[in-house]
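[1] Got a predicted model here, sequence first, then my questions.
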Amino acid sequence: MDEALDLSELRDAVRGALNDRALTIPGEEGRPVDRQLWTDMAALGWLGLGISAGHGGLGQRFAHLAVLHEELGRKTASVPALSTFTAAGLIAAHGSAALQQRVLPAIAAGEMTAAIADPLRASFEVKAKRVSGGAEDVLFAADVDLVLVPIDAGFVALSATDGGVTVANQSIVDLTRRMGRLRLESVNFDKDALIALGATERAAFEDELAVAVACDAIGGAQAIFERTVDYLGIREQFGRPIGSFQALKHRAAHWKVQLEAAAALVRQAALALSVKEPASALASSAKFYACDLYAAVAEDAIQLHGGIGFTWEHPCHLYLKRAKLNQVLFGSSSAHKERIARLAFTQTATPKSGAE
């Protein structure tokens with residue numbers, strides 16, 4: 001794309017803007033949504049990256065959104081970017097013209113946020129254009145304006161303030177994000193709110209969610225690793241920085257190699273989605289590998305920080321808790337490995353053209 005933003009320049013710009021914001025340690029109740037950051041993201045044009053110019057956006061590719069997910073993950077940002085951007089992409093690709101006009105310009109302007117009920121944690125049924133049911137563990141459910149609920153035909157986009165929609169906050173270990181329990185009681189919807197999906201479209205949607213979470217994981221893992229390496233250079237034992245000890249050098253080198261491999265995998269998956277290539281196996285691989293690595297790096301970071309790494313005032317625990325949620329968000333590592341196995345079996349079992 002000749003008009004596409006350069007990914008490296010975008011990354012530098014986003015990181016520079018986010019570095020000016022302090023990483024705050026929340027209390028036991030967790031952080032609320034960072035409304036000021038969301039407003040600033042809108043002013044900088046970030047919320048419109050994946051939205052077409054006709055709807056007030058910049059018309060960029062998924063790879064550009066992937067950069068944003070990574071950088072927000074580095075800061076453990078408390079904003080509903082993952083669900084809002086994915087919902088916008090789904091509506092842009094498969095929503096009615098009326099739904100697109102109602103939602104996309106508002107998202108680009110920072111006036112609307114969205115939550116997505118995970119189909120694996122939801123059960124809804126439709127009778128006479130009314131939807132009822134519930135969903136657990138809906139990311140930022142109590143803080144958004146629009147909720148997408150899964151039904152057999154695809155998704156239904158509902159206002160969070162519609163009559164019959166109730167949300168209760170859930171306690172979670174991740175203090176940087178919020179979750180809610182969603183309940184619908186015979187909520188009416190019209191045909192413009194329906195987002196119809198076939199099997200191929202549903203798989204592509206699942207791929208985008210998986211890669212978005214993987215991007216958040218890579219950003220967070222790189223950030224806590226860099227903090228840890230910096231700490232190894234300033235903490236001293238026996239009159240020298242502990243980072244000079246060979247055993248710790250080897251541990252840091254091991255994580256660096258793993259992180260470079262994971263980042264390459266995740267960014268390749270994002271590029272594949274940008275050009276609409278079939279990428280389900282790649283997306284699921286990126287998701288489980290990046291999220292499992294994030295948790296492992298964050299766990300070791302606490303150990304390498306010594307006593308300070310176990311304290312509430314240090315951000316190590318924020319990264320570890322976010323990593324543990326990422327491992328189960330929109331499909332566990334086991335679920336994504338099983339998905340890859342099914343895809344491999346399907347491809348192997350399908351006879352090649354002209355085969356006897």
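    Cool, got the structure.

[2] what bridges to V165?
    Under DSSP bridges, the beta-bridge partners of V165 are L184.

[3] Same question for stretch 193-207: list its buried residues.
    For stretch 193-207, a neighbour-count test (16 or more other C-beta atoms under 10 Å) marks 193-195, 197, 202-207 as buried. (Glycine included, C-beta is placed from N, CA and C.)

[4] sorry, that was for stretch 272-279
    Using 16+ other C-beta under 10 Å, the residues of stretch 272-279 that count as buried are 272-274, 279.

[5] Helices - which of those land there?
    When helices are assigned by DSSP state H, the members of the buried residues of stretch 272-279 inside them are 272-274.

[6] As a markdown table, those with pLDDT would be great.
    Listed next are those as a markdown table, based on pLDDT from 0 to 100:
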| residue | pLDDT |
| --- | --- |
| A272 | 97 |
| L273 | 96 |
| S274 | 95 |
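
[7] Name the nearest of those residues relative to F189.
    L273 (28.5 Å; C-beta to C-beta).

[8] What distance do you get for that closest one to L5?
    With the distance defined as C-beta to C-beta, to the nearest Å, L273 ends up 17 Å from L5.

[9] Do you know the pLDDT at F245?
    Confidence per residue is given as pLDDT, and for F245 that number is 85.

[10] Repeat that for S353.
    52.

[11] Kindly report the same for T348.
    With respect to pLDDT, T348 scores 69.

[12] list the contacts for A141?
    The contact partners of A141, taken as C-beta atoms under 8 Å, 6 or more residues apart in numbering, are 115, 117, 147, 160, 167, 178-182.

[13] Tabulate those (a markdown table), appending secondary structure and neighbour count.
    As requested, the contacts of A141 are exported to a markdown table (DSSP: H, G, I helix; E, B strand; the rest coil; neighbours: other C-beta atoms under 10 Å):
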| residue | secondary structure | neighbour count |
| --- | --- | --- |
| A115 | strand | 27 |
| A117 | coil | 27 |
| V147 | strand | 28 |
| A160 | coil | 19 |
| V167 | strand | 20 |
| R178 | coil | 23 |
| M179 | strand | 22 |
| G180 | strand | 25 |
| R181 | strand | 17 |
| L182 | strand | 26 |
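
[14] Which of those sits closest to H336?
    Comparing the contacts of A141 against H336 with C-beta to C-beta picks out A117 as the nearest, at 18.8 Å.

[15] Verify the stated contact: that closest one with L139.
    No. Here A117 lies out of contact with L139, judged by C-beta atoms under 8 Å, at a distance of 9.3 Å.

[16] Helices of this structure, start to end?
    Using DSSP H, the helices of the chain run over 7-19, 35-43, 62-74, 81-94, 97-108, 199-232, 246-274, 280-304, 316-328, 333-349.

[17] Most tightly packed of the ones you listed?
    Here the criterion is mean neighbour count by mean count of other C-beta atoms under 10 Å, and of the helices of the chain the winner is helix 62-74, at a mean of 25.

[18] Next, report how far that one is displaced from the centre of its chain.
    With C-alpha atoms, centre = their mean, to the nearest Å as the basis, helix 62-74 stands 9 Å off its chain's centre.

[19] contact partners of it?
    Under the criterion C-beta under 8 Å, 6+ apart, residues 4-5, 7, 10-11, 14-15, 18, 46, 49-50, 79, 81-82, 85, 89, 208, 211-212, 215-220, 222-223, 266-267, 270-271, 273-274, 322 lie in contact with helix 62-74.

[20] The helix or strand bottoming out on mean pLDDT in the chain: how far from the chain's middle?
    Of all the helices and strands that make up the chain, strand 236-237 has the lowest average by mean pLDDT, DSSP states H and E, namely a mean of 78. What separates the centre of strand 236-237 from the centre of its chain is 38 Å, taken as C-alpha atoms, centre = their mean.

[21] Show me the contact partners of it.
    Residues from elsewhere that reach strand 236-237, judged by C-beta under 8 Å, 6+ apart: I242.

[22] one more time with 10 Å, if that's ok
    242-245, 306 (C-beta atoms under 10 Å, 6 or more residues apart in numbering).

[23] my guess is G48 meets E111, correct?
    No. Counting by C-beta atoms under 10 Å, G48 sits too far from E111 to count as a contact (11.7 Å).

[24] So between those two, which is more surrounded?
    When neighbours are counted by other C-beta atoms under 10 Å, G48 comes out ahead of the other of G48 and E111, with 24 against 11.

[25] Before we move on, what's the pLDDT of the more buried one?
    G48 carries a pLDDT score of 97 in this model.
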